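Undergrad: Structural data only, the sequence is not supplied:
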């Protein structure tokens with residue numbers, strides 16, 4: 001093949017027969033769309049075979065007869081292409097150089113995904129991305145790259161040209177400790193722009209973790225870190241250092257690793273993914289439980305699927321839920337496959353969501369958790385799953401209540417669980433607490449109208465099965481019990497209450513007199529303004545008459 005440069009493609013772009021340089025009509029159509037500047041072509045997949053062909057994605061099926069030089073040229077000219085997924089590229093230095101040079105000229109691509117490429121092809125692409133200042137996301141998975149390949153990526157990142165926000169090196173890239181040591185300097189080059197970093201399944205061990213910890217000191221904007229599939233079983237110190245920075249984090253560890261991680265992670269991470277740490281036992285979960293019970297816990301989503309949880313684990317987790325004010329979603333995938341959670345374990349969760357032993361215990365229960373997911377996705381709730389030991393029905397109600405009416409969850413649970421509210425523990429506060437008790441019932445009144453299961457007319461029901469009259473009777477009974485519990489206090493306060501009432505009446509009378517005086521003052525002001533307006537009008541009328549007289553006498 002003749003040697004071609006960019007000027008060659010520029011000179012022949014308008015006249016080249018696209019069918020002659022492609023192996024299929026679909027490939028020719030995609031080149032035509034690139035050449036014509038089709039604004040709907042924003043995502044292009046490059047591969048071999050139709051295994052990845054989706055109707056909503058444009059797919060260039062690379063085969064015999066496809067000229068990668070022209071493909072790269074038209075990609076380089078595109079102003080609308082924003083995402084490029086590369087699943088396959090053929091061997092051949094000249095073809096690859098022409099293709100990579102075209103990519104280097106593109107200024108619109110924001111995201112590049114690279115899959116299943118060999119070392120030489122990977123290096124060629126990395127070298128050409130040094131001018132891609134607009135690139136924000138780079139996803140590399142399942143490739144066979146040597147240390148010199150990772151060095152090319154490190155050089156790209158060190159250049160500072162690509163201010164990546166998202167870097168994903170996942171899916172058995174086998175970076176290892178050596179590769180992590182090479183890449184660490186590249187991460188330093190990205191700096192504060194990096195928001196998301198995934199290093200899943202890369203055979204990184206404790207030594208590599210040490211290099212990563214040092215490199216991430218400059219990544220001050222990092223929010224999400226995925227380390228799943230790497231063995232950090234004896235890296236407690238390193239995990240403790242990592243746990244203080246990120247909103248979303250997952251990794252594979254043991255009990256001691258979880259102890260180090262949880263001490264800082266729960267105060268900073270909004271999501272923690274511990275799948276599939278089979279080595280974590282109830283001992284490790286107890287460390288996590290103590291941490292999530294802290295008032296400073298920020299964790300909203302916790303993934304614990306695949307663990308040997310059992311009743312002991314459920315009980316320690318239940319203890320952590322008590323008082324937690326952040327956790328919304330808990331994933332316990334495959335509890336029915338080899339892991340035995342009986343009614344005892346579920347009872348611990350039910351108690352954590354609503355402890356009925358006393359009003360105060362009910363108030364201090366968990367009122368934020370609204371999803372316990374069992375399936376593979378985020379939408380499979382325990383209500384929709386058949387388990388060997390199904391949870392008590394109350395747990396479904398409490399979860400629904402927390403999710404549907406978080407503002408009233410605590411009040412509803414108190415009214416549901418305590419038909420008679422014992423006022424005796426409040427009597428030592430004296431009569432000054434009576435207005436607070438009355439106000440609590442006023443704020444709890446909406447509970448009688450709240451409903452759940454609104455999405456299903458057949459299941460829709462009221463949270464509190466109580467009429468307005470019954471609620472009012474309960475409130476009056478509580479007030480009566482409060483007053484009856486301290487008759488002498490009421491008698492002692494009678495004169496004070498009478499004096500307060502007299503002052504209230506006097507204040508009300510003074511306020512009424514002031515209001516009347518103000519209204520009289522306003523009326524006088526209005527009358528005065530009307531009189532002034534009348535006089536102004538009269539003055540203008542007389543001035544007009546005087547002017548007419550002057551003109552008539554020639555003055």
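TA: Received, thanks. Everything quoted here is computed from the prediction, not taken from an experiment. Residues are numbered from 1 along each chain as shown.

Undergrad: how close does residue 280 sit to residue 452?
TA: In this structure, residue 280 lies at 34 Å from residue 452, with C-beta to C-beta, to the nearest Å as the measure. Every C-beta, even on glycine, is put in place using the N, C-alpha and C of the backbone.

Undergrad: neighbour count winner among these two?
TA: Set side by side, residue 280 and residue 452 show more neighbours around residue 280, with 24 against 20, by other C-beta atoms under 10 Å.

Undergrad: which ones are touching the more buried one?
TA: 253, 254, 255, 258, 274, 307, 308 (C-beta atoms under 8 Å, 6 or more residues apart in numbering).

Undergrad: Got the phi and psi for the closest residue in space to residue 143 that isn't next to it in sequence?
TA: The shortest distance from residue 143 to any residue that is not its chain neighbour, by C-beta to C-beta, 6 or more residues apart in numbering, is 5.1 Å, and that residue is residue 117. When quoted as degrees, to the nearest 10, the phi and psi of residue 117 stand at phi -100, psi 160.

Undergrad: residues contacting residue 289?
TA: Contacts here follow C-beta under 8 Å, 6+ apart; on that basis residue 289 touches 316, 317, 319, 320.

Undergrad: So which of those belong to helices?
TA: When the contacts of residue 289 are checked against helices (DSSP state H), the matches are 316, 317, 319, 320.

Undergrad: from those, which is closest to residue 477?
TA: residue 319 (34.5 Å; C-beta to C-beta).

Undergrad: mind checking how far the residue nearest to the closest one when sequence neighbours are not counted is from residue 124?
TA: On the basis of C-beta to C-beta, 6+ apart, the spatially nearest residue to residue 319 that is not a chain neighbour turns out to be residue 289, at 5.4 Å. With the distance defined as C-beta to C-beta, residue 289 ends up 51 Å from residue 124.

Undergrad: same deal with residue 160?
TA: Distance from residue 160 to residue 124, counting by C-beta to C-beta: 21 Å.

Undergrad: repeat for residue 351
TA: Distance, residue 351 to residue 124, by C-beta to C-beta: 61 Å.

Undergrad: Specify which residue of these two has the higher count of neighbours.
TA: For residue 351 versus residue 124, the count of surrounding residues by other C-beta under 10 Å is larger for residue 351: 22 against 19.

Undergrad: Now do the same contact list for the more buried one.
TA: Residue 351 touches 318, 365, counting by C-beta under 8 Å, 6+ apart.

Undergrad: Quick check: mean pLDDT of stretch 75-90?
TA: In this model, stretch 75-90 carries a mean pLDDT of 91.

Undergrad: Show me what counts as buried in that stretch.
TA: Of the residues in stretch 75-90, 75-78, 81-89 count as buried by neighbour count, 16 or more other C-beta atoms under 10 Å.

Undergrad: repeat for stretch 435-452
TA: Residues of stretch 435-452 classed as buried: 437, 441, 444, 447, 448, 450, 452 (neighbour count, 16+ other C-beta under 10 Å).

Undergrad: Can you name the residues in contact with it?
TA: Stretch 435-452 is contacted from outside by 397, 400-401, 404-405, 408, 411-412, 414-415, 423, 426, 460-464, 466-468, 471, 474-475, 478-479, 482, using C-beta under 8 Å, 6+ apart.

Undergrad: Weed out the non-buried ones from these.
TA: The neighbour count (16+ other C-beta under 10 Å) marks 397, 400-401, 404-405, 408, 411-412, 414-415, 423, 426, 463-464, 466, 471, 474-475, 478, 482 as buried among the contacts of stretch 435-452.

Undergrad: Please, where are all the strands along the stretch 101-250 of the chain?
TA: Across the stretch 101-250 of the chain, reading from the start of the chain, the strands by DSSP state E, counting those that start in this stretch fall at 111-115, 137-141, 166-170, 196-198, 224-231, 248-252.

Undergrad: Could you tell me the least trusted of those?
TA: Taking the mean pLDDT of each of the strands of the stretch 101-250 of the chain, the lowest value is held by strand 248-252, a mean of 60.

Undergrad: Count the neighbours of the nearest residue to residue 292 once chain neighbours are set aside for me.
TA: Distances taken as C-beta to C-beta, 6+ apart put residue 320 closest to residue 292, at 4.5 Å, once the chain neighbours are dropped. The tally of other residues near residue 320 (other C-beta under 10 Å) stands at 25.

Undergrad: Next, work out how far apart residue 320 and residue 85 are.
TA: Computed with C-beta to C-beta, the distance linking residue 320 and residue 85 is 42 Å.

Undergrad: go on, residue 454?
TA: Using C-beta to C-beta, which is the criterion applied here, residue 454 is 41 Å from residue 85.

Undergrad: before we move on, what about residue 126?
TA: Residue 126 is 16 Å from residue 85, where distance means C-beta to C-beta.

Undergrad: same question, residue 514
TA: When distances are taken as C-beta to C-beta, residue 514 and residue 85 turn out to be 77 Å apart.

Undergrad: thinking again about what came up before, just the contacts of stretch 435-452: which are in helices?
TA: 397, 400-401, 404, 411-412, 414-415, 468, 471, 474-475, 478-479, 482.

Undergrad: which intervals of the stretch 51-200 of the chain have sub-threshold pLDDT?
TA: Judged by pLDDT under 70, the stretch 51-200 of the chain has its weakly predicted residues at 51-56, 92-94, 171-172.

Undergrad: if we go to 80?
TA: Counting by pLDDT under 80, the stretch 51-200 of the chain has low-confidence residues at 51-57, 65-66, 91-98, 142-144, 171-174, 191.

Undergrad: And the helices in it?
TA: In chain order, the stretch 51-200 of the chain shows helices spanning 68-77, 93-105, 119-128, 147-158, 176-190, with DSSP state H, counting those that start in this stretch as the criterion.

Undergrad: and the longest helix for this protein?
TA: The helix spanning the most residues in the chain, taking DSSP H as the definition, is helix 494-553.

Undergrad: All the strands of the stretch 301-450 of the chain, residue numbers only.
TA: The residue ranges that make up the strands of the stretch 301-450 of the chain, judged by DSSP E, counting those that start in this stretch, are 301-303, 329-331, 371-373.

Undergrad: This completes my enquiry, with thanks.
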